[in-house]
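Chemist: Show me how the following folds:
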Amino acid sequence: MKVRAPHEFHWEAICVFVATGFFLDTDTYFKDLMVLPPASINEIDEEGFFVKSTPWFHWHKTSRALAFEDALEEFTQLFETIIDEQVGDKKVILPLSGGLDSRTQATALHHLGKDVNAYSYDFKGGYPETAIGKQIAKTCDLTFTEHHIEKGYLWDCIEQLAAINQCYSEFTHPRQMAIFDEYEKMGDIFSLGHWGDVLFDTPTSKQLTEAEELEYLLKKIIKKGGMELANALWEQWNLPDTFEAYLRQRVSKLLQKIDIQDTGAKIRAFKSLYWAPRWTNTNLSVFEEQHPITLPYFDDRMCQFICTVPEKHLEDRMLQIAYIKKRNPKLAKITWEQHKPYNLYTFQQNTSPKNIPYRAVQKLKRETKKALGKPYVQRNWELQFVGMENDEKLQQYLFSENMHPFISKPLLARFYNNFKNIDPVHYSHPLSMLLTLSLKMKLLK
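Modeler: Numbers count the residues shown, from 1 in each chain. Just a heads-up that it's a prediction; the model follows:
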């Protein structure tokens, strides 16, 4: 949306982007462009410029006197109603992971008797997440396909991805691009489980002061190495004061706009207002390029339910776990990846010393693979940035003329060398953000 402002780079917003991986609030790359806030009615003038925005949904916390079993019954009816309305009689495409959100969807889709084509993917050389997806699909009698994401897949589709998401998300996360062409023949409509993990958990059960809430959020949103890159760009672009002061002020003001006393509910509202729309939602456009999408956890009725259900019923994913146990006990016995090798009945045992034998065996397996020249792949960036062929492609984009004088070569070389020679885990995010900016500059030329 156009804003009456100079058409120039919004340097401060870009610094926030590289620090966190998403643009904050309505920010974009330019001062005269904004995104519209979620759940709002927006007014524009006769020339097409933004005038004002009026929210039609307000996050709040008004807990009802509701027993857990009653909350579970309400969730069951609401969730299944939403999914039934969203997908109708269309053939559903369901991405399955080893977590709870898609498993909860699989439970509902199976109970409703929907026609579902499920799929899962994992990293070649990493944890076999597809094995969990296959078990879930088999238990629910769903058609299933598995995909193994190959090393370096990004370079074949990176410019297509840049055109789709306009470089509003770093490129190492959307694994769905690796099987982009497969989606067309999978079905009619996607059912996506985005944001369920935020709605159906309590960020913190502690009641924090405003200052503590700010610290909590900053710790959550700033990525490893992100602050270092943001500070470097802030200095290069000669921006006033410091980046940290700017970020703190921005986040603090947004927090103060949320009129909720309970800390857990307030943090959830912040994430839903300012994180989901700018990070989670960005790459939904990849799915939309192939088929319509549905998002049961984004439905207004679900958000309203979360606002009124007692916070204690949202701790530790209690409602989703109870729902799966109730509707399909066999699904609950399948490994929960976050707590592997435990399932929904036994995950409380995932504590020391009970989990030490499993962790020791897994570490031994990883070390053995590494000794054999087959390193265990745990992170998306390892598929894209590690190895000679990946490095060649990375340097082509990173040190292209598109980046100059936008970002100096010494700064690029500094973060590239830190990734290669000092700490690849810490500097993988900055490197990915610089790659994203390089593609954005190419789009603009």
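
Chemist: So residue 120 lies in a strand, does it not?
Modeler: Yes. Counting by DSSP: H, G, I helix; E, B strand; the rest coil, residue 120 is found in a strand.

Chemist: And residue 253, how far from residue 24?
Modeler: For residue 253, the distance to residue 24 equals 10 Å [C-beta to C-beta, to the nearest Å]. Every C-beta, even on glycine, is put in place using the N, C-alpha and C of the backbone.

Chemist: who's in contact with the nearest residue to residue 10 once chain neighbours are set aside?
Modeler: Of all residues not flanking residue 10 in the chain, residue 31 sits nearest, at 4.8 Å (C-beta to C-beta, 6 or more residues apart in numbering). Contacts for residue 31 were tallied using C-beta atoms under 8 Å, 6 or more residues apart in numbering; they are 3, 5-10.

Chemist: How about the backbone phi and psi for residue 31?
Modeler: phi -70, psi -30 (degrees, to the nearest 10).

Chemist: where does it land on pLDDT?
Modeler: Residue 31 is assigned a predicted lDDT (pLDDT) of 97.

Chemist: ok, back up a step: so for residue 253 and residue 24, which residue has more residues nearby?
Modeler: It is residue 24, of residue 253 and residue 24, that has more neighbours when counted by other C-beta atoms under 10 Å, with 19 against 10.

Chemist: Next, work out how far apart the residue nearest to that one when sequence neighbours are not counted and residue 274 are.
Modeler: Nearest non-adjacent residue to residue 24, counting by C-beta to C-beta, 6+ apart: residue 16, 5.0 Å away. Using C-beta to C-beta, residue 16 is found at 11 Å from residue 274.

Chemist: Pretty sure residue 401 is one of the things residue 409 touches, is it not?
Modeler: No. The pair residue 409 / residue 401 is not scored as a contact, 10.2 Å apart, by C-beta atoms under 8 Å.

Chemist: Give me the more crowded residue out of these two.
Modeler: More crowded of residue 409 and residue 401, by other C-beta under 10 Å: residue 409, with 12 against 9.

Chemist: OK, contacts around that one?
Modeler: Residue 409 touches residue 399, counting by C-beta under 8 Å, 6+ apart.

Chemist: on that earlier part again, surely the residue nearest to residue 24 and residue 230 touch.
Modeler: Yes. Proximity of residue 16 to residue 230 meets the contact threshold set by C-beta under 8 Å, at 7.2 Å.

Chemist: got any residues that touch both of the two?
Modeler: residue 247.

Chemist: just the helices in the stretch 251-400 of the chain please.
Modeler: All helices of the stretch 251-400 of the chain, identified by DSSP state H, counting those that start in this stretch, fall at 263-270, 284-288, 300-308, 318-327, 329-332, 356-371, 380-385, 388-398.

Chemist: So for the fourth one, mean pLDDT?
Modeler: If I follow you right, that is helix 318-327. Mean predicted confidence for helix 318-327 is 98.

Chemist: Not counting it itself, show me its contacts.
Modeler: Under C-beta under 8 Å, 6+ apart, the answer for helix 318-327 is 68, 71-72, 75-76, 79, 100-101, 103-104, 107-108, 110-111, 196, 200, 309, 313, 331-332, 344-345.

Chemist: please redo it, this time with the cut-off set to 7 Å
Modeler: 71-72, 75-76, 100, 103-104, 107, 111, 200, 313, 331-332, 344 (C-beta atoms under 7 Å, 6 or more residues apart in numbering).

Chemist: Then the shortest one?
Modeler: When contacts are defined by C-beta under 7 Å, 6+ apart, helix 329-332 is touched by residues 103, 107, 136, 139, 324-325, 343-345.

Chemist: burial measure for the residue nearest to residue 48 when sequence neighbours are not counted, as a count.
Modeler: Nearest residue to residue 48, sequence neighbours excluded (C-beta to C-beta, 6+ apart): residue 2, at 5.7 Å. For residue 2, the neighbour count with other C-beta under 10 Å is 15.

Chemist: and residue 2, backbone torsions?
Modeler: Residue torsions, per degrees, to the nearest 10, at residue 2 are phi -80, psi 140.

Chemist: so who does it touch?
Modeler: 32-33, 48-50.

Chemist: top of these by neighbour count?
Modeler: residue 50 (19 neighbours).

Chemist: three-state assignment of that residue?
Modeler: Assignment for residue 50 (three-state DSSP): strand.

Chemist: Could you pull up the residues touching it?
Modeler: Contacts of residue 50 (C-beta under 7 Å, 6+ apart): 1-3, 34, 42, 44.

Chemist: Got a quick ChimeraX command for the buried subset of those?
Modeler: With 16 or more other C-beta atoms under 10 Å as the criterion, this ChimeraX line picks the buried residues out of those:
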select :3,34
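
Chemist: Just the ones in strands from the contacts of residue 50, please.
Modeler: 42, 44 (DSSP state E).

Chemist: Redo the contacts of residue 50 as a markdown table? Include distance to residue 295 and pLDDT.
Modeler: Listed next are these as a markdown table, based on distance: C-beta to C-beta, whole Å; pLDDT from 0 to 100:
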| residue | distance to residue 295 | pLDDT |
| --- | --- | --- |
| 1 | 22 | 89 |
| 2 | 28 | 94 |
| 3 | 28 | 93 |
| 34 | 23 | 96 |
| 42 | 21 | 94 |
| 44 | 26 | 93 |
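
Chemist: Which parts of this protein belong to which domain?
Modeler: What automatic domain parsing lists as the domains of the chain is 11-56+210-261, 68-201+274-349, 361-444.
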